[in-house]
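1. What would the 3D arrangement of this be:
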Amino acid sequence: MRAFSRFKIPLLAAALVSAAVTAPSMAQDATAPGALPGPETPAATASGLPDAAPPVAETREARLDGLFERLKRESDAEKATGIANEIQSVWLESGSATVDLLMLRATQAIARKDAAAALDFTDQAIVLDPDYAEAYNRRATLHYTQNRYALSMADVEEVLKREPRHFGALTGLGAMLEELGRDREALDAYSRALAIYPTLKAAQDAAGRLAEEVSGQPA
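-> Prediction:
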């Protein structure tokens, strides 16, 4: 394994900023809409006709699809960062107050440098919601910081099964592969991240460096 200390960037760098600094919202569950008028007493407008039905709330997937389309088209790095932050906020929405609490406690444990406790809370979140990608993302990061690369990459695989567009997971995977000397695979991971988030500087820099190195290597 290479001893590339400069590559010890936080795993899943783009996504982990919000995970390590910003606690998941404790109010992710949707608020129930107000009572709608019944058929006997429709809400009247000035025209005497009932109000139009309220717009249907945009689904989580639809929100993400729209944000990813904007991210791919945005050439301004600062604006793209704002869009990426919006995506990360949506990713953090588990839809479960219990899972959110466990993720919050994991974040607090990370801040205390208590990796064992953070791992325990993350494991519990995965048991409660095996489809929640960010719990695997958090656990992958914890394994990475403990140099357990095989476990970390296994969790990255779980993240990508649930969210193939996870540019943070792809960047983290690239960093690990590069440290392991698997340059071609690392370049592929960085390139996949850039196809989703073209202005992601960490991936740009790594891909540019590796492209030069790989070009001089036998296939």
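2. State the number of residues packed around residue 128.
-> Residue 128 is flanked by 14 other residues according to other C-beta atoms under 10 Å. For the C-beta atoms, the positions are set from N, CA and C on the backbone; glycine is no exception.
3. Now for it: which residues touch it?
-> Going by C-beta atoms under 8 Å, 6 or more residues apart in numbering, residue 128 touches 96, 98-99, 102.
4. do residue 64 as well
-> Neighbouring residues of residue 64 by C-beta under 8 Å, 6+ apart: 87, 90, 165.
5. Now which of these would you call buried?
-> Buried members of those, scored by 16 or more other C-beta atoms under 10 Å, are 87, 165.
6. Which ones among the contacts of residue 64 map onto helices?
-> 87, 90 (DSSP state H).
7. what would the contacts of residue 64 look like in CSV with distance to residue 211 and pLDDT?
-> Converted to CSV, the contacts of residue 64 look like this (distance: C-beta to C-beta, whole Å; pLDDT from 0 to 100):
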residue, distance to residue 211, pLDDT
87, 26, 98
90, 32, 96
165, 22, 98
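8. now, among the contacts of residue 64, which is nearest to residue 68?
-> Residue 68 lies nearest to residue 165 out of these, by C-beta to C-beta, at 5.7 Å.
9. Report pLDDT for the closest residue to the closest one other than its chain neighbours.
-> Once flanking residues are discounted, residue 165 sits nearest to residue 196: 5.0 Å by C-beta to C-beta, 6 or more residues apart in numbering. pLDDT recorded at residue 196 is 98.
10. Enumerate every residue touching the residue nearest to residue 71 when sequence neighbours are not counted.
-> Nearest non-adjacent residue to residue 71, counting by C-beta to C-beta, 6+ apart: residue 83, 4.7 Å away. The contact partners of residue 83, taken as C-beta under 8 Å, 6+ apart, are 67, 70-71, 74.
11. Drop anything exposed from the residues you listed.
-> Burial by neighbour count, 16+ other C-beta under 10 Å: within the contacts of residue 83 this picks out 67, 71, 74.
12. quick one: average confidence on the one helix or strand the second one maps to?
-> Here residue 71, judged by DSSP states H and E, is contained in helix 60-73. The predicted model gives helix 60-73 an average pLDDT of 97.
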